[in-house]
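>>> pasted the sequence and its predicted model underneath.
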Amino acid sequence: MIPGYGGNILRVNLTAKSSATTPIPESWKREYLGGRGFIARAFWDEIKPGTDPLGPDNKLLMAPGPYTGQFLSSSGKLHMGALSPATGGYGDSNMGGHVSFELKQAGVDLLILEGIADTPVTVVIDDGKVTYRDASPYWEGTTFDTERRLKEELGEEWQIMVIGPAAVNGVVFACIQHDFGRQAGRTGVGTVMASKKVKAIAVRGTKDVRLFDAKRTLAEGEKMMDQVMKQPGFTAWQPYGTPEVVPWASSQGVMPTRNFQTGVIEGFHNLDGPTMKAKVTEIDKGCTSCAIPCGKWGKGVLNGKEKPQEGPEYESIALLGSNLGITDIQQVAYLNGTCDELGLDSISAGNVVAWSMECFEKGFLSAADLGREMRFGDAEAAAAMFHDIAYGHGFGKILGQGVRAAATRVGLGTERFAMHVKGLEISGYEARYAPAMMLSYMTCDIGGNHSRSWAVTFDVATGRENFEGKAERVIWLQHVRPLFDALGCCRFPWVEAGLDPESYVAFIEPITGMQFTWDDMLKVSERVWNLTRMISYRHIPGFGRSFDSPPPRWVEEGHETGPTAGKHFTPEQAQDLLDRYYKLRGWDVNGIPKAEKLQELGLEFCVAALCK
Ligand code: SF4
């Protein structure tokens with residue numbers, strides 16, 4: 001058996017209240033590595049076309065990776081996936097904290113939750129043995145209360161994942177939370193967990209994970225820890241975490257502001273890292289084995305009311321701050337804590353509320369429609385709307401189905417400024433005059449998300465008007481960044497501290513005994529990228545090029561202010577970017593992988609689906 005893994009697939013059938021353990025296929029380790037790779041591979045076999053995202057046949061998949069919990073910096077990531085209720089296609093997300101290594105020590109490389117329980121449950125996984133606890137008394141509880149309660153009942157050594165009221169009430173962008181502030185936020189994985197009547201998953205693992213060469217793993221880990229702490233990026237970034245990006249983003253006109261109407265927020269320094277450190281942060285918090293703990297625990301404040309929370313990190317500052325026209329970091333932290341306790345993805349929640357504010361200010365929706373006046377800059381109104389969304393009250397019920405569904409329902413041209421790709425709300429980078437970043441969003445496999453390819457710095461460095469090399473860079477990033485999700489570790493030592501990503505190759509042999517070059521690793525990522533594309537092709541009727549469209553606003557109107565004022569690309573230029581990208585990927589003009597590309601990547605089992 002290849003070392004470095006927990007060893008097993010743990011299948012939990014909630015309808016039958018049964019569980020079964022089978023070995024993870026050895027070939028999957030070589031071809032998919034773990035984490036996101038295992039999720040995509042299992043997704044293909046387990047979730048069939050025609051499945052209802054909220055029905056018993058959808059499955060919630062969770063997987064650590066071979067690097068999870070090992071002695072290299074920042075190795076605490078857990079990947080998860082399901083057919084997305086937000087987009088109808090391939091959905092995934094990941095979270096930090098400590099549960100990933102716990103699961104691996106429980107002997108689990110892939111957890112499959114299937115079926116639907118008859119009453120609310122907490123699934124308890126103790127070294128791979130599964131039992132259930134009645135969750136009815138706290139089914140409606142907030143995330144923080146539920147995690148605290150289960151820690152008290154089970155013991156501090158247990159690692160707990162929970163959902164909040166938003167998931168329970170069917171919001172399609174509900175998250176799964178762990179460690180009082182770590183979220184798997186995107187694509188509605190929390191909504192799928194709620195549909196299975198699972199309020200929480202508690203994990204305890206005490207088994208050793210056998211390594212191929214423990215001494216060499218330790219030596220490589222020590223070398224890496226030393227390198228990380230010597231990086232110039234470490235001292236600049238660690239004290240503030242991701243909010244360090246705020247001044248740069250606003251000065252470059254890429255900080256989403258007032259529903260992406262512009263990319264510059266006046267008073268951006270009130271949202272930056274030093275201001276947050278002074279006004280919100282109390283302590284640093286980190287995931288398993290992290291030398292650069294970027295989590296910041298502290299209090300948000302709104303009109304004298306306090307709310308403890310972790311963060312806000314950059315994405316939440318962008319979507320709950322500038323995108324709502326709010327420049328008070330304590331208020332942003334309060335809104336972040338509100339989303340966290342309700343179990344809302346703060347990116348999607350900020351995005352849909354910003355859309356409702358633009359609708360109100362432009363007269364498409366009235367205070368009577370929305371339940372209150374919704375003006376940019378009004379944090380009280382935003383907080384109230386988050387509650388309406390999470391509990392399905394009034395217009396909140398419509399917003400809780402995502403910005404695409406809400407704009408389709410309202411009509412009147414509001415679709416033009418519904419900021420999503422494939423039904424997933426766009427995250428914290430305005431990209432209308434940043435071609436690589438726009439292409440990143442357009443082609444992201446889960447929809448409007450930045451994490452697969454954060455290409456905006458490349459646009460700034462190589463010329464925003466310039467298209468040359470942009471598709472190549474996006475593809476490279478779409479292979480390198482998700483590689484960390486397959487390995488089960490965090491990419492910040494590379495992205496933020498400045499470590500060479502290729503240095504991660506040094507760990508694969510000592511941990512697993514498998515021999516990989518950097519190019520071999522990128523090939524795994526390319527395989528997974530094509531597989532997730534095929535999954536969405538198989539599940540979404542008519543899936544193809546039209547699903548890779550940018551929001552109309554990005555190709556129709558420029559900013560009024562800022563460094564790129566008045567500039568945007570045309571719809572034809574967006575199509576030109578896609579042509580370049582598809583050609584480099586070996587996909588047809590409709591954006592579907594060709595049979596020869598699938599065969600080249602060892603995805604022969606997908607070829608028959610091309611003839612659907
Ligand atoms: Fe977690 Fe931040 Fe460390 Fe990454 S850098 S492992 S997100 S604490």
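Right, received. Where do you want to start?

>>> in three-state terms, label the nearest residue to residue 396 once chain neighbours are set aside for me.
Excluding the flanking residues, the one nearest residue 396 by Cβ to Cβ, 6 or more residues apart in numbering is residue 388, at 2.7 Å. (Glycine included, C-beta is placed from N, CA and C.) Of the three states, residue 388 takes helix according to DSSP: H, G, I helix; E, B strand; the rest coil.

>>> hmm, residue 388 is touching residue 395, no?
Yes: at 6.7 Å, residue 388 counts as touching residue 395 under the criterion of Cβ atoms under 8 Å.

>>> now do the shared contacts for the two.
Common contacts of residue 388 and residue 395, defined by Cβ atoms under 8 Å, 6 or more residues apart in numbering, comprise residue 371.

>>> could you check the pLDDT of the residue nearest to residue 396?
If you check residue 388, the pLDDT there is 98.

>>> ditto for the one 3 residues further on
Residue-level confidence at residue 391 comes out at 98, pLDDT.

>>> how near is it to residue 199?
Relative to residue 199, residue 391 is positioned 16 Å away (criterion: Cβ to Cβ, to the nearest Å).

>>> those two: which has the busier surroundings?
The neighbour comparison of residue 391 against residue 199 (other Cβ atoms under 10 Å) goes to residue 199, with 29 against 18.

>>> wait, a strand at that one?
Yes: Residue 199 forms part of a strand when assessed by three-state DSSP.

>>> that one against residue 119, yeah?
No: applying Cβ under 8 Å, one finds residue 199 not in contact with residue 119, separated by 10.4 Å.

>>> how about the residues of the stretch 401-550 of the chain that lie near the ligand?
490, 492 (Cβ under 6 Å from any ligand atom).

>>> around the ligand, which positions in the chain sit nearby?
74, 76, 96, 286, 287, 290, 292, 293, 294, 295, 490, 492.

>>> from the residues you listed, which would you call buried?
Neighbour counting over the residues of the chain next to the ligand (16 or more other Cβ atoms under 10 Å) leaves 74, 76, 96, 286, 287, 290, 292, 294, 295, 490, 492 as the buried ones.

>>> please enumerate the strands of the stretch 101-250 of the chain.
108-114, 121-126, 129-134, 159-162, 176-178, 182-184, 198-204 (DSSP state E, counting those that start in this stretch).

>>> pull the distance from the helix or strand hosting residue 481 to the chain's centre.
Following DSSP states H and E, one finds residue 481 within helix 470-487. Averaging C-alpha coordinates over helix 470-487 and over its chain gives two centres that are 15 Å apart (Cα atoms, centre = their mean, to the nearest Å).

>>> buried residues in it?
Buried, per 16+ other Cβ under 10 Å, within helix 470-487: 470-471, 473-487.

>>> just the closest residue of the stretch 301-450 of the chain to the ligand, please.
Per Cβ to the nearest ligand atom, residue 313 is where the stretch 301-450 of the chain lies closest to the ligand, at 8.5 Å.

>>> tell me the contacts of the residue nearest to that residue when sequence neighbours are not counted?
Nearest non-adjacent residue to residue 313, counting by Cβ to Cβ, 6+ apart: residue 242, 4.3 Å away. Residues in contact with residue 242 (Cβ under 8 Å, 6+ apart) are 294, 313, 314, 315, 496.

>>> check residue 521 too.
Going by Cβ under 8 Å, 6+ apart, residue 521 touches 33, 483, 504, 505, 508.

>>> ok, now how distant is it from residue 137?
47 Å.

>>> just the pLDDT for the nearest residue to residue 600 once chain neighbours are set aside.
Spatial nearest neighbour of residue 600, excluding adjacent residues (Cβ to Cβ, 6+ apart): residue 586 at 7.7 Å. Residue 586 is assigned a predicted lDDT (pLDDT) of 97.

>>> please apply the same query to residue 233.
pLDDT, residue 233: 83.

>>> give me the neighbour count for it.
Close neighbours of residue 233, defined as other Cβ under 10 Å, add up to 18.

>>> which residue is the nearest non-sequential neighbour of it?
Nearest residue to residue 233, sequence neighbours excluded (Cβ to Cβ, 6+ apart): residue 498, at 4.0 Å.

>>> surely that neighbour is in a strand?
No: read with three-state DSSP, residue 498 is coil and lies in no strand.

>>> got the phi and psi for it?
Dihedral pair for residue 498: phi 100, psi 20, per degrees, to the nearest 10.

>>> pretty sure it is in contact with residue 230, am I right?
No: counting by Cβ under 8 Å, residue 498 stays clear of residue 230, with 9.8 Å between them.

>>> of these two, which one has the most company?
Neighbour tally, residue 498 and residue 230, criterion other Cβ under 10 Å: the higher count belongs to residue 498, 16 against 12.
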